[in-house]
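Engineer: here is a sequence with its predicted model. Questions after.
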Amino acid sequence: MTQPTPRPLARSLDPLPGESLAGFLLRLSYRMGVTPHRLAMLCGLTCRSDSIPQEQLRGLSPEVAGQLASVAHLSMPEVQALTLQELTKTYPPLARLRTGRAADIGSTPFINWATNPDSRYCPACLRGDGSPVQRAFGGAWQRCWYLPITFACTQHSCLLESTCPHCAQPLSGRVVRRYSLVRTPHVSGLHPSQCRNPAPGPPPKPRTRATPCGAWLDAPGNAATPLPPPDLQCVLDLQHDLNLWLAPGRLHGAAEEAGPQTYFADLITTARLITLSWPMGATFLPSTTLMDLVDEYATPYVHNPARRGVQIQRSAPRGTAQTSALLLASATILGDRDLVPLRERIEPLTREVHRRSASIGDKLLKDSHASATLLRATAPRIYGFQKRSTSRASSKS
Ligand SMILES: [Zn+2]
Ligand SMILES: [Zn+2]
């Protein structure tokens, strides 16, 4: 016998543009004065006692989507827009995750740069736009803040934050070994912009609930921006470009011919080549600040061969400054992806990765889903051609 669908709530909220499912739950539960867990139960989003499964951020089953729509007075397109589902068209790592092995879906949604385990955030976005509804319940927690390639807010010209300024923990939904859409989901009364991580200090006594940190994440001037203004402008320009690649409308017209499906695969593959051949790619960064950021991230892989295999599979940088520096180098190397200049830039990196470990280099490119152009630019058999073209060039001089 099927369960009767719960009655629609007496009142709801309109989703904000770009809002995530977690953000919507936080705002609506705060408005209703119930716990996020209670609201998630009513909306069919959980039957677990301790968590609200985070994988639902990537897409909802038709039954759950229908129940959420009817209980919270939403249209089906509004429900879909709370998840990352639409972005699978423009951000292929998400699409591969959805069709990947069951083990990948359940335990490691962070494989291959698909998602972050926690949400980054922009304090100014969380403060809202000053409208009555946003003054009362805060701005949107954006769904894009879960993507490793989203490291900055172009509206407020800042890097995103990835930890709470008070407890210094990531805004992670991790509950024991599961990931939940919301941390401490049984606590009510916290504003959506307050940290829900367990408060720092000794762990709670058995059978008592953790007290949340409660710090305000939307306070201005919480963190000093770690990038000097010229570097910040470079990475903001990059974020602006990446947002265009991510926009659903990008799939139409000329951009389709240019291969939007492969842009992010090329960007991530090149980021891995930079990491595994570091510091060879340092020359593609405009400042020592940015070089130092990639250095912090790449050095453990360079000095620990056992970790190089791990790098092929996952491990986007957690910090937004490191991510921005690594992707800036990657995007600079890719340029407009014309084969000949691309090969000139990327061939030394490929060669160095193969020199350090031929098997890792082969596996990285084989599993990359990169464009035919990038694969040609990095193919080992190109070396002979490179040598011939180099000798032709030198014989002319
Ligand atoms: Zn912002
Ligand atoms: Zn905190």
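Structural biologist: That came through fine. Ligands and ions are numbered 1, 2, ... in the order given.

Engineer: how about the residues of the stretch 151-300 of the chain near ligand 1?
Structural biologist: Residues of the stretch 151-300 of the chain lying near ligand 1 by Cβ under 5 Å from the ion: 153, 155-156. No exception for glycine: its C-beta is placed from N, CA and C like everyone else's.

Engineer: again, 8 Å this time
Structural biologist: Listed as neighbours of ligand 1 in the stretch 151-300 of the chain under the rule Cβ under 8 Å from the ion: 153, 155-156, 158, 160.

Engineer: out of these, which are inside strands?
Structural biologist: Using DSSP state E, the members of these that fall in strands are 153, 158.

Engineer: now for the residues of the stretch 151-300 of the chain next to ligand 1, which pair is the farthest apart?
Structural biologist: Gln155 and Leu160 (11.5 Å; Cβ to Cβ).

Engineer: what sits in contact with each of the two?
Structural biologist: Residues touching both Gln155 and Leu160 by Cβ atoms under 8 Å, 6 or more residues apart in numbering: Cys122.

Engineer: who's more crowded, these two?
Structural biologist: Taking other Cβ atoms under 10 Å, Gln155 and Leu160 do not tie; Leu160 has more neighbours (24 against 10).

Engineer: residues in contact with Cys280?
Structural biologist: One thing to correct before we go on: residue 280 is Met, not Cys. Here Met280 is in contact with 274, 348-349, 352 (criterion: Cβ under 8 Å, 6+ apart).

Engineer: which stretches of this protein form strands?
Structural biologist: Along the chain, counting by DSSP E, strands occupy 152-153, 158-159, 174-175, 178-179.

Engineer: rank those by pLDDT, which is bottom?
Structural biologist: For the strands of the chain, mean pLDDT drops lowest on strand 174-175, to a mean of 70.

Engineer: what about that one, distance to the chain center?
Structural biologist: Offset of strand 174-175 from its chain centre (Cα atoms, centre = their mean, to the nearest Å): 18 Å.

Engineer: and ligand 2, is it touching that?
Structural biologist: No: using Cβ under 8 Å from the ion, strand 174-175 stays clear of ligand 2, coming no nearer than 13.9 Å.

Engineer: offset the numbering so it begins at 41, please.
Structural biologist: From this message on, residue numbering opens at 41, which makes the last subject strand 214-215.

Engineer: and for that strand, what's in contact with it?
Structural biologist: With Cβ under 8 Å, 6+ apart as the test, strand 214-215 has contacts from 90-91, 157-158, 220, 223.

Engineer: that strand: partners in the sheet, and parallel or antiparallel?
Structural biologist: The pairing partners recorded for strand 214-215 under DSSP bridges are strand 218-219 (antiparallel).

Engineer: what sits up against the partner strand?
Structural biologist: Under Cβ under 8 Å, 6+ apart, the answer for strand 218-219 is 88, 90-91, 93-95, 149, 157, 212-213.

Engineer: sketch out the low-pLDDT regions of the stretch 191-340 of the chain for me.
Structural biologist: Low-confidence segments of the stretch 191-340 of the chain, defined by pLDDT under 70: 216-217, 261-265, 289-300.

Engineer: near ligand 2, which residues of it?
Structural biologist: Within the stretch 191-340 of the chain, the positions near ligand 2 by Cβ under 8 Å from the ion are 204-209, 235-237, 239-240, 252-255, 257.

Engineer: wait, what's in contact with Gly99?
Structural biologist: Per Cβ under 8 Å, 6+ apart, neighbours of Gly99: 123-125, 128, 138.

Engineer: give me that answer again for 10 Å
Structural biologist: 105, 120, 123-126, 128, 134, 138 (Cβ atoms under 10 Å, 6 or more residues apart in numbering).

Engineer: follow-up on the earlier one: most tightly surrounded among the strands of the chain?
Structural biologist: Ranked by mean neighbour count under mean count of other Cβ atoms under 10 Å, the strands of the chain are led by strand 192-193, which reaches a mean of 24.

Engineer: direction included, what does it pair up with?
Structural biologist: As defined by DSSP bridges, the strand partners of strand 192-193 come to strand 198-199 (antiparallel).

Engineer: one step back: between the contacts of strand 214-215, which is closest to ligand 2?
Structural biologist: The closest of the contacts of strand 214-215 to ligand 2 turns out to be Arg223 (Cβ to the ion; 9.5 Å).

Engineer: show me what residue of the stretch 241-390 of the chain gets nearest to ligand 1.
Structural biologist: Per Cβ to the ion, Asp258 is where the stretch 241-390 of the chain lies closest to ligand 1, at 10.2 Å.

Engineer: what are the phi and psi values at that residue?
Structural biologist: Reported as degrees, to the nearest 10, the phi and psi values for Asp258 are phi -100, psi 10.

Engineer: that one: how many residues sit nearby?
Structural biologist: Counted with other Cβ under 10 Å, the neighbours of Asp258 add up to 19.

Engineer: for the one 10 residues further on, same thing?
Structural biologist: Burial of Pro268 is recorded as 11 neighbouring residues (other Cβ under 10 Å).

Engineer: leaving out the residues flanking it, which one is nearest to it?
Structural biologist: Thr329 (6.1 Å; Cβ to Cβ, 6 or more residues apart in numbering).

Engineer: for the one you found, what are its contacts?
Structural biologist: Neighbouring residues of Thr329 by Cβ under 10 Å, 6+ apart: 266-268, 270-272, 361, 365.

Engineer: counting neighbours, which of these comes out on top?
Structural biologist: Per-residue neighbour counts (other Cβ under 10 Å) across the contacts of Thr329 peak at Ala365, which has 29 neighbours.

Engineer: what score does the residue nearest to the spatial centre of the chain have for pLDDT?
Structural biologist: Centroid-nearest residue in the chain: Leu187, 1.7 Å away (criterion: Cα atoms, centre = their mean). If you check Leu187, the pLDDT there is 94.

Engineer: state the phi and psi torsions of it.
Structural biologist: Residue torsions, per degrees, to the nearest 10, at Leu187 are phi -90, psi 130.
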